[in-house]
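[1] Whatever this is, show me its structure:
(chains A, B and C)
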Amino acid sequence: MPLVSQRAAPAIFGHMPELPEVESARRIIDQYALRRVIEEVDDSDTYVCRPHTPGEIRSALLGRRLSAVHRRGKSMWCETTGVGRSRKPGPLLGFHLGMSGKIVVGKANGSEVDGGDYWERGRKPGDLRFSRFRLSFTDGGFLVLVDPRRLGRVRLDPPVEKLGPDAAVVTREEFQSAMHRGTAPVKARLLDQEALAGVGNLLADQALWTARIRPSRPVDELSTDDVDRLYDAVRESVADSLANGGVHTLSFIPARRAGGTCPRCGAALQVGVVGTRTTWWCPVEQT
DNA sequence: TATAGTGTTATCGG
DNA sequence: ACCGATAACACTAT
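    You can find the predicted model right below:
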């Protein structure tokens, strides 16, 4: 009788950030963290704060306040200003949530606004085990990047100009020119943040399934109609996930597991690696 | 204990 | 210089 190797049970992970999760974080910063004076900064995590040296972000922000927050794809950045008479603009403060990051804002009254749920069990208020960057405000509140895996990033003046158009607002023409170049698998192109900003692994699978396109198909083999359907599918998937609170609410995502079947035709889904990422698709409908 | 994980980036070869 | 593929990065629950 064969020894059946005891495969480790798949780790159960909570919600990792894609465009809609980052937008939720942006709104939390917008609603709760702006206009409060920065009294202290913990930028001691040299990996998350690379390429800065400890104290560099701190000295750039002390005594200033966040005045606005923006998002493009999965990147966020805050404008900063001085206080009092000198409202002179300071450096931009960039955030990226990476694979496991989320924003937690503490209010002056001690309560917390928690922007995500990477761990299935969640996180209790006051649990700062995975705090990788912190702004402390003069009113006693704070803004923290909680990030167990430390693949997130905080930096001054982030190079957001390298990003492609945001997937939530990209025009059909911009999308077409992003696809009409080279020979990469279409999923790899969707994930290329310099071509199109904001589509992550799950959004890509959802959009390709919606458009009935096989993820490994080279972009130069897509017809005009394929690109048109894919554009509609990307815009729809992003809009739906924004409206409903995250990529997990999309129709194809629950089927994306061992034994999963196509929600439309019932065929067994196929799994493989495309563009270095785990990829699920319907082998019957997606051609 | 080995493994998988929804992301980005430096580097290499063509 | 461009494009595509790959490894590296860091960490933890199971």
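
[2] Point me to the residue of chain A nearest DNA strand C.
    residue A:182 (2.1 Å; C-beta to the nearest atom of the strand). (C-beta placed from N, C-alpha, C; glycine too.)

[3] quick one: that residue and residue A:222 touch, right?
    No: using C-beta atoms under 8 Å, residue A:182 is not in contact with residue A:222, being 11.8 Å away.

[4] and these two? which has more neighbours close in?
    residue A:222 (20 against 12; other C-beta atoms under 10 Å).

[5] Quick one: neighbours of residue A:160, just the number.
    Neighbour tally, residue A:160, other C-beta under 10 Å: 16.

[6] before we move on, what about residue A:175?
    Applying other C-beta under 10 Å, I find that residue A:175 has 23 neighbouring residues.

[7] Then residue A:140?
    Residue A:140: 13 surrounding residues under other C-beta under 10 Å.

[8] contacting residues for it?
    Residue A:140 is in contact with A:106, A:108, A:110, counting by C-beta atoms under 8 Å, 6 or more residues apart in numbering.

[9] For residue A:188, state which of those is nearest.
    Residue A:188 has its nearest neighbour among these in residue A:106, at 39.7 Å by C-beta to C-beta.

[10] coming back round to it: give the PyMOL command for selecting the buried subset of the contacts of residue A:140.
    Buried subset of those, written as a PyMOL selection, criterion 16 or more other C-beta atoms under 10 Å:
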select buried, chain A and resi 106
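
[11] if we can go back for a sec, my hunch is that the residue of chain A closest to DNA strand C is in a helix, does that hold up?
    No: Residue A:182 sits outside any helix when classified using DSSP: H, G, I helix; E, B strand; the rest coil, being coil.

[12] list the contacts for it?
    For residue A:182, the contact set (C-beta under 8 Å, 6+ apart) comprises A:189, A:219-220.

[13] lowest confidence element among the helices and strands of chain A?
    Within chain A, judged by mean pLDDT, DSSP states H and E, the helix or strand with the poorest mean is strand A:112-114; its value is a mean of 90.
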